[in-house]
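Participant: Okay, predicted coordinates and the sequence, questions at the end:
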Amino acid sequence: MDLFLNLVASGLVIGSIYGIIAIAFAVIFKTTGVLNFAQGEVMMLVAYVSWSLGTELSLSFPVLVIVSIGVAALIGIIVERLFIRPMIGQPIFAIVMVTIGLAVMLRSLIVIFWGADAEPFNAAIEGGLVEIGPVVLFTEQLFAIILFFAIMTAVFLFFRFTRIGIAMRATAMDETAALLMGVDVRRISALAWAIAAVVSGLAGITFAIMFSRAPDLWFQGLRAFPATILGGLDSPLGSGFGGLIIGVIGDLSEGYIGQGLKEISGFIVIIIVLMVRPYGLFGEKELERV
Amino acid sequence: MSALLELRNVTRRFGGLTAVDNVAFDVPEGAIYSVIGPNGAGKTTLFNLISALFQPNEGTIEFDGHQIHRAKTHQLVDFGIGRTFQNLAIFSHATVVQNLLVGLHHTLKANPLTAALFWGPAQREEIAARKRVEEIIDFLEIEHLRDMPVGLLSYGLQKRVELGRALATGPKMLLLDEMVSGMNSEETEDIARFILDIREELGVTVVMVEHDMGIVMDISDRIAVLNHGALIAEGTPAEISSDDAVVQAYLGKN
Amino acid sequence: MKISKLGALCALAISTALSPAMAEEGITDTEIVIGNILPMTSSAALVGRAAHFGSVVAAAEANADGGVNGRQVVIRTEDDGYVPARTVQGLRKHIDEGVFGLIGTGAGAGTAAILPILEEEGIPAIVSFSPLQAAVDPIKPTVFMIGASYQDLLFAQLKYIHENHNPDNAKYGVIRQDDDFGKQVEEAFTRAVDAFEVDAADPIRYKRGQKDFGAEILKVRSNGVNVLIAGGVTTEIPTMLKESSKFKLPLQVATVPTSTLPPIMKLSAPYGYSYYSGDYISPMGSEGTAHFMEVAKASLSEDELKALNRYAVTGYVATRMMIEAIRRCGDNPTRACAVEKLESGEEFDTAGVTLPLTFAKDRHISATAVRVLEVDPVAGSVTPVTDFAQY
Amino acid sequence: MRTHHFVETYEKHIALSDNPVTWSWTGLLLVALVVFPFATSNYLIALATTVGIAAIGAIGLNILTGVTGLISLGQAGFLAAGCYTTALLIADYNWPPELALIAAGVVSALLSLVVGVPSLRLKGLYLAITTMAFSFIITHFLLYAESVTHGPYGVRIEDLGFLGLDLASPIQLYFLVLAVAVIAAIAALNILRTRVGRAFTAIRDHDIAARVMGISLTQYKLSAFVISSFFVGIAGGLMAFQFRFINVDIFNLLLSVEALAMIIVGGLGSVAGAILGAVFIVLLPEATREVIDLLPTGITSMLSTYIYEIRGLLTGLTIIIMLRIEPHGLIGLWRDIKRYWTHWPLSV
């Protein structure tokens, strides 16, 4: 039982990270139909910039988070403006490919700028232990879980109650209609990228605090793929929960079966789930009109 | 004239909504048969049932001895049913010729292996298919557009290509879903002429869903009227235009 | 098919533009080319880059002395991205552009992949980046190796732990990568478990590039392991230590020599574990590497200096040996001569990094003696706890 | 250039090209490809061999993704299956290489049914990610089923001959790959101009209309998977010939992404586009290296610390610029240029 609970907790921690990144994927996909292959790299860029700010300016953690959110939003907007907006109107496929090119570029840029070495990301929240019954977590691990639920709540409230959030949902459903209703579709695209950069950036920072600020951080972006597919590409909240499920299943399968299953259990799960629900657990089936 | 298509108590529900409600009628062989009704009356759903895109919840559909209500969509052309769609469903990147060739799909035999070799029978059947396509191109008078990507043509011409594609399947019966909506009167007349020619020259039975009352009354042999999924009248154009229920359905609510 | 024109033009243009003037066996009147194929990108870039700069330092040192009998040494490095198929491609490119000898031969599987080509082409090579038994056993005519195998490096540490700490109810465990490198790590574990007749938990495998070791450490904990081989390449080690510290597991930890990499020590510092490492060279920063560092400072940029670690030292030693062998051949060095000098039994000086090294006709491996080191990440110190010995 | 021409026979209608200019260019290209290896270095021959293998794989992927519209991110898995089949059959079971190569195509094609059947209901990116998941599972199996696949040790094959060719010789291997690539291109062009290819396109453009035209989605989607994977499997088998040592490391996601990049950059749905894309993506890193080498030595040595990152940067940038200029790929660019010249001076 002790092992089980700790495995679940450990799975929730890493699953929270996957979940947050998956939310970022889903926000962009839902509003623009693009799967952003550079999400992991954008996340890495935010984490690196935030690390530099933290070490150079020695900001307190809450201030660093707020500044990082601003920086992340800016990064999202700049990337969208420079690389995505000029492609509007082109086949989705071409845009997806641009994000792949962008990913390759960002990975290289970061190493040129910051070097190839891993560095610790020191932050005030790090290092303490929290004991909940038999479960032991580092404070930053608990932070990851809390951050996950905070972002889930924020995303829910944003899409449900804010004007702009509702406009984004409208765009997702019918771009032409949204245009006619006076929604600025271009601004929506920029906003989606900004939100995704902020959300994934926070995950990146948390991940860097838990592990290290290293040039392979982008790989977590790929790790989050199964989560967003499991939850539904067009469902930010579903994608989030998908992350938790993938994380927990991964750690449980490693704990009880082994054989390197942790890394592929997520993929096995999505294959099984998609057989039953081709649009993910929480995704919406597209209506086909004849 | 014997019945080519027989619908018996056909019902189709989507969730709580009954889109087609206990509909029954016969389409005689060689007829031009129209299905009309206000928007949302269930006409397109009915077409989708006849072309096996949906399966009825209740009832049977028989065509020329085949049980459509149990068939797979892709078997229809083998039975002899071709159709067009309300919203254009052509392959817009492909040329006119390529579109028409797709219509001949079920008459050809190449499999991936023989296709890859493109030798003997595979080559001969392609040549034969090209000849057949030329006949249809002649019939529809679109010789000059042969190698145009269909997406670049006018709406009316795209519709005509779609009609050609359906003809290419070599049907006994054609289902035409709102052929003339969005066309000007000249284009509409062209289509009406083609429909008559199709019946006269090719001996094909035509079933059409249509909003344009002009063409319906001009060329139909018989008409079925749907309202809220139910069949409210069936008969010759003259009978239909004097039917109270029909007048009620079209005008009554105003 | 009309675009084929473009293809034709491209093919012609490329074939005429890129054809290099072929240098016979990598030697001209003014230059001699020594090649590396190393992971300059990917998760192993940290060690691959360092090895490359080690070669560069050795070449710079030789060139500062006027080169090798008047010829300048040129180091040419191909990136294989830690992928054996690309190691093969890299070697083909080297052969094409003319290379005299080879130092970096990719990681273990990469080395295995290129061995037949090295034999076919008769290229002298000193394997040093990633020791691989198959490179010298059986002996290949032109292939040499310095350094002990990962198996010996780890076994030495386990033996030290067994003899000096011997925890109550010792239970051995291993977390290792699921590739050929991990295989060697597991072999050391099996060998120690058999030799010391101790209790052991099932080995745990992880996929290359994995970051999170929560579940693995929980397994270690529930198995009651107290002697652990943390078989990561680089950043996996601090992560394993971190998770262990959460439960304050009483662990003796053995690691591969990469644990003497400064960034890894820095990352491990907060978790209160010191760990063992084994090496066949003097640790960085010790007296043994003083000469190397001096030359490095003279020949590398600020940025490049930061990239140095122990893999730079092994790269330096191997390149230095190759250069010395060529020098001993006089004015008209040939590959055959260099090989002959290498296996002549004469000593090669390594500038204090190791004792002078020798190869022999029937022994193409050297520097196999291992010393166990205790790494204290907090103090940033690496302390030898045994003498060099064969394992 | 020609502006108008008329065809007199149906045979000419269905020919791959009725234009003598095209045929002569194609012939010239083939001559160039045959002469090329005698005028260059082994490394460039090896590079050309890599391009050829990539082109075969890209032609295969293009049938699935470009023509049929089923996006696959699982090419690495099928390639691995083919590569391991050939290598293991030769190394452990002493199969003749000729049969082992065909077996690569067959095994890969059969495996694609395992992926294809459960993927029938999936669309777009869901399908893409599912194929990616399968490819991870395939490489995981290859790594862990040690008793069959040698797991982490990889598989080595010794010198081998193929229909009298000595594949250890770069030139002879090049000619084998060239021959297979030409056969693959012709086979693909043939498939695309018959009812099979038209059915694939119909499914991509409008799957409901395709069904109504008598095309069974199940049958043709699976056919697309099988045909595509056969090509990819053959490419994998040729990889085994080329490397003669294989392990799973190379069959990573990046390879699948590169494969997709080839057909997108080259031009979706076009055989020539797939070939162009393969040339482009394989040569891009080499080209960036040449560009860097052309810089003054001072700059080059300044860049040397991050030379590989700079190459990555250029690669990413080139893909982005390429797509910005011409989202329809190189083949689209080529058509634009051709149209421009044909209609000049009216085109301006």
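Facilitator: Nice, thanks for sending it over.
Participant: Now the residue of the stretch 151-290 of chain A found nearest chain D: which helix or strand?
Facilitator: Closest approach between the stretch 151-290 of chain A and chain D, counting by CB to the nearest CB: A:F267, at 3.5 Å. (Glycine included, C-beta is placed from N, CA and C.) Following DSSP states H and E, one finds A:F267 within helix A:261-276.
Participant: Contact partners for the closest residue to A:A118 other than its chain neighbours?
Facilitator: Using CB to CB, 6 or more residues apart in numbering or on different chains and skipping residues adjacent in sequence, the residue nearest A:A118 is A:A214, 3.6 Å away. Contact analysis of A:A214 by CB atoms under 8 Å, 6 or more residues apart in numbering or on different chains lists A:D117, A:A118, A:E119, A:A208, C:T235.
Participant: Report the buried members of those.
Facilitator: A:D117, A:A118, A:E119, A:A208, C:T235 (16 or more other CB atoms under 10 Å in any protein chain shown).
Participant: and the fourth one, what helix or strand is that in?
Facilitator: If I follow you right, that is A:A208. Here A:A208 sits within helix A:185-210, counting by DSSP H and E.
Participant: one step back: okay, now the residue lying closest to the residue of the stretch 151-290 of chain A closest to chain D once chain neighbours are set aside: neighbour count?
Facilitator: Among residues not flanking A:F267 along the chain, D:A133 sits closest, at 3.5 Å (CB to CB, 6+ apart). Other residues near D:A133 number 25, with proximity taken as other CB atoms under 10 Å in any protein chain shown.
Participant: tell me the pLDDT at D:A133?
Facilitator: With respect to pLDDT, D:A133 scores 91.
Participant: moving C-terminal of the host helix or strand of it, what's the next helix or strand?
Facilitator: Element membership for D:A133, per DSSP H and E: helix D:124-144. Heading C-terminal from helix D:124-144, the first helix or strand you meet, by DSSP H and E, is helix D:146-149.
Participant: List the contacts of that following helix.
Facilitator: Against helix D:146-149 from outside (CB under 8 Å, 6+ apart): D:Y84, D:L88, D:F141, D:L142, D:L143, D:P152, D:Y153, D:V155.
Participant: what about the helices in chain B?
Facilitator: B:43-50, B:76-79, B:96-103, B:112-117, B:121-140, B:155-168, B:185-202, B:213-219, B:237-241, B:244-247 (DSSP state H).
Participant: Can you convert those into TSV and add a column each for mean pLDDT?
Facilitator: Below are those laid out as TSV (pLDDT from 0 to 100):
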stretch	mean pLDDT
helix B:43-50	92
helix B:76-79	94
helix B:96-103	94
helix B:112-117	91
helix B:121-140	91
helix B:155-168	92
helix B:185-202	91
helix B:213-219	90
helix B:237-241	91
helix B:244-247	85
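Participant: Nearest to D:T315, out of the ones you listed?
Facilitator: Checking the helices of chain B against D:T315 by CB to CB gives helix B:112-117 as the closest, at 34.1 Å.
Participant: do that closest one and chain D meet?
Facilitator: Yes - counting by CB under 8 Å from any CB of the partner chain, chain D has neighbours in helix B:112-117: B:P112, B:A115, B:A116, B:L117.
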